[in-house]
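Trainee: Okay, structure incoming, though there's no sequence with it:
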């Protein structure tokens, strides 16, 4: 009870402690007449019993009480039991030094005997005013603490709400990325898991180039966000380019095949008209032979186009055969004869590896810049301010052959180097890309080691990635099992 804030309520309890019964009774009666609830005790022991049973805002005590506790000893014992009580010492043997020592040892006031009743009342009023101020201050402090605690809880709740909101925003952004390019569904999440795992493994590596490097929990979170959002800029790339599996788009390939079919019919028509103009009669066998030769040529051309249209490495002999297609024509509906293969068609078919033209590849690569511009629009906290730069550099390479800024090793953030390893690994092993077959884990790690040898990827990052078996974290999720 005594530990709580104790307000003053009337009548106010007052305790008088003095071994002189006449003085004690006089003070009890006088202060009772003033409206206080006054009790008396003849020694320290009885006073402590009263103090332990109820709270006295002010206690008057004689300094020298023979056969028991002195006044100072009593006040110290009272303070241990009820520290809110104020003690006023009374003595007939007062000196300045004694008064100073009494005040230093916890007494609120010091009164010299003999005294006038008005002096007791004045001292009591001062003590009660001081008591009231102390209690008001305590109440203010308690209210302030409650307010601070409530505000702190409110802020923590708001912080949690903001974090949940941001997590939802990040997840929605990843969903938007995957909606634009369904073939890479799960890529961002897998790269985030692998990169975070690799960063944690770096923390546990005591030696080597990264032996002194320690990512804080906030930096790990920063890496996670950068990894999840590293491909967001794909929303700014045409969908047909993102998912382009072959060199020619399907509708363009269909148009070429249709022209080839039309060219066959045109050749048959021209041969028949030529024969009739020369007075030759209809020869069914000859017509069939002619149709067979024409269809064979069409099939040969279509087969050449199909082989050339694959994103795999284009053989030199196939590339040379494409030259024969440059002069092929067909009759347009307007009557004009036009080339069957546009120069742009042949340029695409001559792509030595992959399915993208130089312009399309530039468009794909632009997703990194789109990502950076998007991420810089987000008001990141100071701790997460590095997210845009980490994501911006995930396609840079140590030897300067990356993109978009051609950065070299000293200018590429460590976090981006870690992400580069996991990003390439996931792209190699992913089983859902329309433009490539999945590569086994074993072969993928060999390819990564080859890229380290030519100074594309970070050697130490790959070493930790392999030795800590970080790649196992995503086995079976969009990729084949380890061989």
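Mentor: Structure's in. What do you need? Worth saying up front: this structure is predicted, and the values here are computed from it rather than measured. Residues are numbered from 1 along each chain as shown.
Trainee: For the residue sitting furthest away from the middle of the chain, which three-state class applies?
Mentor: Residue farthest from the centre of the chain, counting by Cα atoms, centre = their mean, is residue 279 at 84.3 Å. Residue 279 falls in the coil class when you classify it by DSSP: H, G, I helix; E, B strand; the rest coil.
Trainee: Make 271 the first number, not 1, from now on.
Mentor: Sure, I'll start numbering at 271, so the last one becomes residue 549.
Trainee: Find me the pLDDT at it, would you?
Mentor: As summarised for this prediction, residue 549 has a pLDDT of 74.
Trainee: From residue 684, how far out is it?
Mentor: For residue 549, the distance to residue 684 (Cβ to Cβ, to the nearest Å) stands at 85 Å. Glycine gets a C-beta too; all of them are placed from N, C-alpha and C.
Trainee: Please enumerate the helices of the stretch 371-520 of the chain.
Mentor: Taking DSSP state H, counting those that start in this stretch as the criterion, the stretch 371-520 of the chain carries its helices at 387-450, 457-473, 487-498, 509-512, 520-547.
Trainee: what's in contact with the third one?
Mentor: What that stands for is helix 487-498. Contact with helix 487-498 is made by 440, 443-444, 458-459, 461-462, 465-466, 469-470, 485, 653-654, 656-658, 660-661, 664, 685, 688-689, 692, as judged by Cβ atoms under 8 Å, 6 or more residues apart in numbering.
Trainee: For it, list every residue counted as buried.
Mentor: By 16 or more other Cβ atoms under 10 Å, the buried positions in helix 487-498 come out as 489, 491, 492, 493, 494, 495, 496, 497, 498.
Trainee: How about the shortest one?
Mentor: Across helix 509-512, burial judged by 16+ other Cβ under 10 Å covers 511, 512.
Trainee: got it, and stretch 428-442?
Mentor: For stretch 428-442, by 16+ other Cβ under 10 Å, it's residue 440.
Trainee: Kindly report the same for stretch 556-566.
Mentor: Result for stretch 556-566 [16+ other Cβ under 10 Å]: buried residues 560, 564.
Trainee: And the contacts of that stretch?
Mentor: By Cβ under 8 Å, 6+ apart, stretch 556-566 touches 534, 537, 538, 541, 542.
Trainee: Tell me the spacing between the first one and residue 384.
Mentor: Same thing as residue 534. 137 Å.
Trainee: cool, the second one as well?
Mentor: Going from residue 537 to residue 384 by Cβ to Cβ gives 142 Å.
Trainee: neighbour count winner among the two?
Mentor: residue 537 (18 against 9; other Cβ atoms under 10 Å).
Trainee: Show the contacting residues for the more buried one.
Mentor: Contacts of residue 537 (Cβ under 8 Å, 6+ apart): 560, 564.
Trainee: how does it look with 6 Å?
Mentor: Neighbour list for residue 537: residue 564 [criterion: Cβ atoms under 6 Å, 6 or more residues apart in numbering].
Trainee: So what's the predicted local confidence for it?
Mentor: For residue 537, the model assigns a pLDDT of 81.
Trainee: before we move on, what about residue 599?
Mentor: We have a pLDDT of 87 for residue 599.
Trainee: so residue 600, which of the three states?
Mentor: strand.
Trainee: tally of neighbours for it?
Mentor: 21.
Trainee: right, and the helices of the stretch 371-520 of the chain - which one's nearest residue 373?
Mentor: helix 387-450 (12.9 Å; Cβ to Cβ).
Trainee: Just the mean pLDDT for that closest one, thanks.
Mentor: Average pLDDT, helix 387-450: 87.
Trainee: What angle do helix 487-498 and that helix make with each other?
Mentor: Using axes from the mean of the first three to the mean of the last three Cα atoms, to 10 degrees, the interaxial angle of helix 387-450 with respect to helix 487-498 works out to 30 degrees.
Trainee: Show me where the protein dips below the pLDDT cut-off.
Mentor: Where the chain drops to pLDDT under 70, the residues are 271-277, 363-366, 368-369, 371-372, 374-375, 552, 701-707, 746-753.
Trainee: how's it carved up into domains?
Mentor: Domain assignment for the chain, taken from automatic domain parsing, gives 283-410, 454-508+629-744, 515-625.
Trainee: measure the last one end to end?
Mentor: With Cα to Cα, to the nearest Å as the measure, the ends of domain 515-625 fall 6 Å from one another.
Trainee: Please apply the same query to stretch 671-687.
Mentor: 14 Å.
Trainee: what do you get for stretch 500-516?
Mentor: 25 Å.
Trainee: list the buried ones in it?
Mentor: In terms of neighbour count (16+ other Cβ under 10 Å), stretch 500-516 has its buried residues at 500, 501, 502, 503, 504, 505, 507, 511, 512, 514, 516.
Trainee: Over to stretch 316-331?
Mentor: 317, 318, 320, 321, 326, 327, 328, 329, 330, 331.
Trainee: who are the neighbours of the host helix or strand of the first one, in terms of helices and strands?
Mentor: This points to residue 317. Residue 317 belongs to helix 314-323 when assigned by DSSP states H and E. Applying 3 or more Cβ pairs under 6 Å, 6 or more residues apart in numbering; DSSP states H and E, one finds that helix 314-323 contacts helix 341-351.
Trainee: Whichever helix or strand comes after the helix it packs on versus helix 341-351: what angle between them?
Mentor: Per DSSP H and E, the first helix or strand lying C-terminal to helix 341-351 is strand 356-361. Taking the same axes, to 10 degrees, one finds strand 356-361 and helix 341-351 inclined to each other by 170 degrees.
Trainee: Residues in contact with strand 356-361: which ones?
Mentor: Here strand 356-361 has contacts from 328-330, 332-333, 341, 345, 372, 377-381, 383, 393, 397, 401, using Cβ under 6 Å, 6+ apart.
Trainee: distance between that strand and the chain's centre?
Mentor: Computed by Cα atoms, centre = their mean, to the nearest Å, the chain-centroid distance of strand 356-361 equals 63 Å.
Trainee: try stretch 500-511
Mentor: 22 Å.
Trainee: Now the terminal residues of it, how far apart.
Mentor: Distance between the two ends of stretch 500-511: 18 Å, counting by Cα to Cα.
Trainee: swap in stretch 293-313?
Mentor: Length of stretch 293-313, first residue to last, Cα to Cα: 13 Å.
Trainee: May I see the buried residues of it?
Mentor: By 16+ other Cβ under 10 Å, the buried positions in stretch 293-313 come out as 293-294, 296-298, 301, 304, 306, 308-313.
Trainee: In strands only, show me these.
Mentor: 308, 309, 310, 311 (DSSP state E).
Trainee: How much space separates the residue nearest to residue 734 when sequence neighbours are not counted from residue 723?
Mentor: In space, and not counting its chain neighbours, residue 734 is closest to residue 471: 5.1 Å by Cβ to Cβ, 6 or more residues apart in numbering. Separation of residue 471 from residue 723 (Cβ to Cβ) stands at 22 Å.
Trainee: Who has more neighbours out of those two?
Mentor: Legend: neighbour count by other Cβ under 10 Å for residue 471 and residue 723, higher for residue 471 (18 against 9).
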